[in-house]
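Colleague: coordinates for the following, if possible.
(one chain, ligands or ions: 1)
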Amino acid sequence: MGNANRFAAETAVFSTLDLALIGPAETCPLCQKNPPILKYHIGSAAVRQQGRLCLTCACQLLNEIATREIGHWMTR
Ligand SMILES: [Zn+2]
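Modeller: Just a heads-up that it's a prediction; the model follows:
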C-alpha cells in the first residue's frame, strides 16, 4: 500500500434512535429480524453511506471496518 491509502481511513458514527420513531413492524434492512435501533454514518472522503441497523448488524459492520483497516495495516 502506498501513502495515498494513509488518508483513506473510514469513519463510522453510530447513534441511538428514539424507539418511539421506530414502527412496530420495522426491521433491520440487513437481517430482517431485529428492530433498527441505531442510525449510522460510515465512509471515507470519497464514499459515504448512512442508514439504520440493529445492534447485532452494527457490531458486525464495525468489526468488518476494523478488520479491513487491520488488513491495510498488515500489508504496509
Ligand atoms: Zn440486523
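Colleague: what residues of stretch 12-30 count as buried?
Modeller: Within stretch 12-30, the residues scored as buried using 16 or more other Cβ atoms under 10 Å are C28, L30. C-betas here are computed from N, CA, C, even on glycine.
Colleague: I'd like the average pLDDT over that stretch.
Modeller: Across stretch 12-30, the average pLDDT comes to 88.
Colleague: equivalent analysis for stretch 49-67, please.
Modeller: So the average pLDDT for stretch 49-67 ends up being 92.
Colleague: residues of the protein that sit close to the ion?
Modeller: Applying Cβ under 5 Å from the ion, we find that the chain lies next to the ion at C28, L30, C31, C54, C57.
Colleague: ok, the fourth one - contacts?
Modeller: Right, the one you point to is C54. T27, C28, L30, C31, K33, N34, P35, P36, I37, L38 (Cβ atoms under 8 Å, 6 or more residues apart in numbering).
Colleague: distance of it relative to H72?
Modeller: Note on C54: its distance to H72, by Cβ to Cβ, to the nearest Å, is 28 Å.
Colleague: on that earlier part again, could I get the residues of the chain next to the ion as TSV with distance to T67 and secondary structure?
Modeller: Converted to TSV, the residues of the chain next to the ion look like this (distance: Cβ to Cβ, whole Å; DSSP: H, G, I helix; E, B strand; the rest coil):
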residue	distance to T67	secondary structure
C28	21	coil
L30	17	coil
C31	19	coil
C54	20	coil
C57	15	helix
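Colleague: now for those: which two are most distant?
Modeller: For these, the maximum inter-member distance is 7.6 Å, found between L30 and C54 (Cβ to Cβ).
Colleague: on that earlier part again, biggest separation within the contacts of C54, which pair?
Modeller: Taking Cβ to Cβ, no two of those sit farther apart than K33 and L38, at 14.4 Å.
Colleague: and those two? Which one has more around it.
Modeller: L38 (19 against 10; other Cβ atoms under 10 Å).
Colleague: residue boundaries of the helices in the chain?
Modeller: 55-74 (DSSP state H).
Colleague: spatially central residue in it, please.
Modeller: L61 (4.6 Å; Cα atoms, centre = their mean).
Colleague: separation between the nearest residue to it once chain neighbours are set aside and K33?
Modeller: Spatial nearest neighbour of L61, chain neighbours left out: L53 (6.6 Å); criterion: Cβ to Cβ, 6 or more residues apart in numbering. L53 sits 11 Å away from K33, going by Cβ to Cβ.
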